[in-house]
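Trainee: Structure of the sequence below:
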Amino acid sequence: MAQRNYDLLSVGAHPDDIEVGTGGVLIDLHKRGYKCGVVILTEGEMGTGGTAEVRAEEVRQAADILGVDIVRTFDWGDTRLQDSYDNRLALAEIIRATKPRIVLTPYPHVGHGRRQSHPDHVAAGIITINAVHLASLKKADLPGDPHLVTRIFHYFLPPKVQPNFIIDITAHFEQWIEALSAHRSQFLNPEKSKNYIESLIATARSFGLLGRCQYGQGFYAVEPILVGDIMTLAASDEH
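Mentor: So this is what the prediction gives:
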């Protein structure tokens, strides 16, 4: 794999996960000159609407709107995604090749029940954590030099897990909706009774309320975030 450094990689289990959970952040970073890439672990072939081919084209259209590169789409089985050593190695190889400072991935720990996360989301989070670890090991059976990711942040938080930081996406709200709408087979499908776009807007609004902005996307940092200047934590509230 060709070496090309990225500031951030966003990992998703399905073709629309990254747009839903991290799309506004990716738009913001692109506009500020950062290089972002996405990695999708399944083709989403089990989705109610669309085929793998249709969904791949939707991913391409959404990526153009977000301003990101599609680094890789794997075919690891929609509804059958599992944390295996081979899957860890494959993703770790990408991490070594792209050298991201930050990786975004679904929250990996949930219980059971209708309102809990899709099993593929959980698996994606676990695979990512393990791949990041492998990518840093000198003796791992991988090409390229070891790379240590600075931070992993989680999206798709289950009930009772509050984000511990919010990214304000208000300025990019319309563009985010445009990226979501590129996934027509999922979010603009007349065969589906639920208005998914409205539901996602409501979620962004709820995160915005938590963060004291209009629309936000929420993330969870497992490790405490080191702050060099405590006054920077008040900067966003002063505008």
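Trainee: Checking the residue lying closest to H172 once chain neighbours are set aside next. Helix, strand or coil?
Mentor: In space, and not counting its chain neighbours, H172 is closest to I27: 4.2 Å by C-beta to C-beta, 6 or more residues apart in numbering. Glycine gets a C-beta too; all of them are placed from N, C-alpha and C. Three-state call for I27 (DSSP: H, G, I helix; E, B strand; the rest coil): helix.
Trainee: right, and I27 touches L66 too?
Mentor: Yes - proximity of I27 to L66 meets the contact threshold set by C-beta atoms under 8 Å, at 5.7 Å.
Trainee: Could you tell me which residues touch both of those two?
Mentor: Contact criterion C-beta atoms under 8 Å, 6 or more residues apart in numbering; residues shared by I27 and L66: A179.
Trainee: any chance you could map the helices in the chain?
Mentor: Secondary structure of the chain by DSSP state H: the helices cover 17-31, 52-66, 85-98, 119-135, 173-181, 184-187, 196-211, 232-235.
Trainee: Make a markdown table out of those helices and add mean pLDDT and mean neighbour count.
Mentor: Shown next, in a markdown table, are the helices of the chain (pLDDT from 0 to 100; neighbours: other C-beta atoms under 10 Å):
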| stretch | mean pLDDT | mean neighbour count |
| --- | --- | --- |
| helix 17-31 | 98 | 25 |
| helix 52-66 | 97 | 19 |
| helix 85-98 | 98 | 20 |
| helix 119-135 | 97 | 23 |
| helix 173-181 | 98 | 19 |
| helix 184-187 | 91 | 21 |
| helix 196-211 | 95 | 16 |
| helix 232-235 | 84 | 9 |
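Trainee: any idea how far the spatially closest residue to R72 that is not a sequence neighbour lies from A97?
Mentor: Spatially, and ignoring its direct neighbours in sequence, R72 is nearest to V39 (5.2 Å; C-beta to C-beta, 6+ apart). V39 sits 11 Å away from A97, going by C-beta to C-beta, to the nearest Å.
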